[in-house]
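J.: what's the 3D shape of this:
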Amino acid sequence: MRLKTLLTLSVAAVCSASCRDNGRMPSVADIAGNYKGYTLAGCAYFQNTCAADETVTVAENADGTANVTFTSDSWGEFVIPAAQTSAAGGTYTLAGSGQTTMGMGGNVSTYACTYTAVIHSRERARMQFQVTGVMGGLTLDFTAGEAPADLLLAGTYKGYTAAVCTYFQDRYTDDESLKMTANGDGTLAVVFESATWGTFRVTKAVVTKSGDHYTFTGEGTVSMGMGDNVKDYAFTMTGTSNAAKDDFSIAFNAPAVMGGLTVTLLPGTAPATTE
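T.: Numbers count the residues shown, from 1 in each chain. I've put the predicted structure just below:
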């Protein structure tokens, strides 16, 4: 009984310390609402896969717990029906468990998940969803605010290239791909390996946002030639992309090659040509 009494007194002391100056106990109502931000996903197979324009909703239950819902176009639906809440110094901590429904097409399954959150304000909040039964352990870290451009644009871009120079126009090549990797300092490392045009590498591409699209620029050298006659040529890169990475144009310009060669990577497949 003495241990039970001590625990009860400890809980009461913590609750008392977390009261606001006006004497009202903090509650989920203080933090209820929609939180807008981005997620970084990681598992055994990848890390820091970024998704923008995500929304997590926190609502108050009648018993004082929090009902947390998160519907993501990338990751599925998450429901935490009764997250426990505590508060101290104006900071709220949430923890609970629930389920997520995720999959592709008709192959959708339900998995157990856990949830934790630290909320200072609507603009300053971090939450984590963990799903141990997916891809060796999937973790989604949600952060309120706008997604960092370098993390958002990192990934693989697939499509076709259109090449132009002094000697020809609109020479198309299907099944091309390019990879961008965040350097950790706000810039991007870009590698474009083409069986037709060579390997273009940009060590640090600078990223800026313009409306709903992002612009990135950089420079480097590319090795081109046939047989033993291979040389390095300077090039510049300019590109634009939306957050979903399905509307992009990434151009590489090598002025010393064939009177000025420009190879542009575009989404989809090359347009039909007539002989």
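
J.: okay, the residue nearest to the spatial centre of the chain: pLDDT?
T.: Geometric centre of the chain, nearest residue: Cys50, 0.8 Å, by Cα atoms, centre = their mean. pLDDT, Cys50: 94.

J.: mind checking the SS state of the nearest residue to it once chain neighbours are set aside?
T.: Among residues not flanking Cys50 along the chain, Leu151 sits closest, at 4.3 Å (Cβ to Cβ, 6 or more residues apart in numbering). Every residue, glycine included, has its C-beta placed from N, CA and C. Leu151 carries the three-state label helix when classified by DSSP: H, G, I helix; E, B strand; the rest coil.

J.: Do you have the strands of the stretch 101-250 of the chain handy? List them.
T.: Assignment of strands within the stretch 101-250 of the chain using DSSP state E, counting those that start in this stretch yields the ranges 107-119, 125-131, 138-144, 155-164, 171-182, 188-194, 198-210, 213-226, 229-242, 248-254.

J.: can you list the ones you listed in CSV and add mean neighbour count, mean pLDDT and distance to Ala66?
T.: Converted to CSV, those look like this (neighbours: other Cβ atoms under 10 Å; pLDDT from 0 to 100; distance: least, Cβ to Cβ, whole Å):
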stretch, mean neighbour count, mean pLDDT, distance to Ala66
strand 107-119, 16, 95, 9
strand 125-131, 20, 98, 11
strand 138-144, 20, 98, 15
strand 155-164, 18, 97, 33
strand 171-182, 17, 96, 33
strand 188-194, 19, 96, 37
strand 198-210, 17, 94, 33
strand 213-226, 17, 91, 35
strand 229-242, 16, 93, 34
strand 248-254, 20, 98, 39
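
J.: can you put the ones you listed in JSON lines and add distance to Ala41?
T.: Listed next are the strands of the stretch 101-250 of the chain as JSON lines, based on distance: least, Cβ to Cβ, whole Å:
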{"stretch": "strand 107-119", "distance to Ala41": "13"}
{"stretch": "strand 125-131", "distance to Ala41": "10"}
{"stretch": "strand 138-144", "distance to Ala41": "5"}
{"stretch": "strand 155-164", "distance to Ala41": "12"}
{"stretch": "strand 171-182", "distance to Ala41": "14"}
{"stretch": "strand 188-194", "distance to Ala41": "19"}
{"stretch": "strand 198-210", "distance to Ala41": "20"}
{"stretch": "strand 213-226", "distance to Ala41": "20"}
{"stretch": "strand 229-242", "distance to Ala41": "19"}
{"stretch": "strand 248-254", "distance to Ala41": "21"}
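
J.: Any idea which of those strands gets closest to Leu94?
T.: strand 107-119 (4.1 Å; Cβ to Cβ).

J.: buried ones in the helix or strand that contains the residue nearest to the centre of the chain?
T.: If you go by DSSP states H and E, Cys50 is part of strand 49-60. Neighbour-count burial for strand 49-60 flags Thr49, Cys50, Ala51, Ala52, Glu54, Val56, Val58, Glu60 (criterion: 16 or more other Cβ atoms under 10 Å).

J.: Next, the angle from it to strand 138-144.
T.: Strand 49-60 and strand 138-144 are oriented at 70 degrees to each other (axes from the mean of the first three to the mean of the last three Cα atoms, to 10 degrees).

J.: which strands and helices sit next to strand 49-60?
T.: If you count contacts as 3 or more Cβ pairs under 8 Å, 6 or more residues apart in numbering; DSSP states H and E, strand 49-60 packs onto strand 33-42, strand 66-72, helix 149-153.

J.: Would you agree Ser194 is in contact with Thr161?
T.: Yes. Counting by Cβ atoms under 8 Å, Ser194 does reach Thr161; the two are 6.7 Å apart.

J.: Which neighbours do those two have in common?
T.: Common contacts of Ser194 and Thr161 (Cβ atoms under 8 Å, 6 or more residues apart in numbering): Thr173, Glu176, Val263.
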